[in-house]
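Visitor: no sequence for this one, just the structure:
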């Protein structure tokens with residue numbers, strides 16, 4: 001029976017890190033279904049949804065210590081369940097850019113939580129502003145907004161955040 005395993009791996013960045021881990025997964029007759037991978041500071045972080053027959057995933061789990069030593073990674077694994085589909089939710093994109101200020105992610109996520117909005121993907125980045133070189137904080141989030149949420153009320157509350165944190169927030173339906 002096919003099952004899913006959530007695997008996270010973090011290690012010092014090096015060329016071939018993705019190739020090495022993906023080969024170990026393939027060698028155990030497992031498949032990478034979804035992934036997010038990123039260079040964060042000097043480390044490379046990977047989140048993988050791996051599928052396969054339960055006995056093959058069991059082998060992957062059993063070999064965790066071997067893989068950590070061989071690949072020089074910190075690895076965590078746990079079985080995952082298929083996420084239920086939310087049919088009464090509308091996909092939206094939330095984007096923001098502002099000067100880098102502590103508390104932005106927390107403030108935005110607090111508002112989203114208040115409205116029962118599910119964050120399905122969130123990416124943040126710090127970049128230098130083109131003219132001044134000041135640190136800019138960039139957010140891009142994919143959201144599932146329940147159909148009964150008033151977008152006007154949500155936007156009004158997000159506008160308050162814009163004033164408090166000097167943000168430039170943009171909320172629009174996903175295309």
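Guide: On my side now, so go ahead. Given the structure is predicted, the values throughout are model-derived calculations rather than measurements. Numbering: from 1, shown residues only.

Visitor: Please give the element, helix or strand, for residue 7.
Guide: Assigned by DSSP states H and E, residue 7 falls within strand 2-12.

Visitor: Rounded mean pLDDT for that strand, please.
Guide: When pLDDT is averaged along strand 2-12, the result is 95.

Visitor: what are the ranges of the helices in the protein?
Guide: Along the chain, the stretches classed as helices by DSSP state H are 17-27, 54-62, 64-71, 104-114, 151-165.

Visitor: Packing partners of the first one?
Guide: The helices and strands touching helix 17-27, judged by 3 or more CB pairs under 8 Å, 6 or more residues apart in numbering; DSSP states H and E, are strand 2-12, strand 31-40, strand 43-53, helix 64-71. C-beta coordinates here come from the backbone N, C-alpha and C atoms, glycine included.

Visitor: got the angle between the shortest one and strand 2-12?
Guide: In this structure, helix 64-71 runs at an angle of 40 degrees to strand 2-12, with axes from the mean of the first three to the mean of the last three CA atoms, to 10 degrees as the basis.

Visitor: quick check: angle from helix 64-71 to helix 17-27?
Guide: Between helix 64-71 and helix 17-27, the angle comes out at 140 degrees (the same axes, to 10 degrees).

Visitor: buried set for helix 64-71?
Guide: Neighbour counts using 16 or more other CB atoms under 10 Å place 67, 71 of helix 64-71 among the buried residues.

Visitor: Need the contact partners of stretch 71-90.
Guide: Contact with stretch 71-90 is made by 3-12, 17, 20-21, 24, 49, 57, 60-61, 64, 67-68, 118, 144-148, 173, as judged by CB atoms under 8 Å, 6 or more residues apart in numbering.
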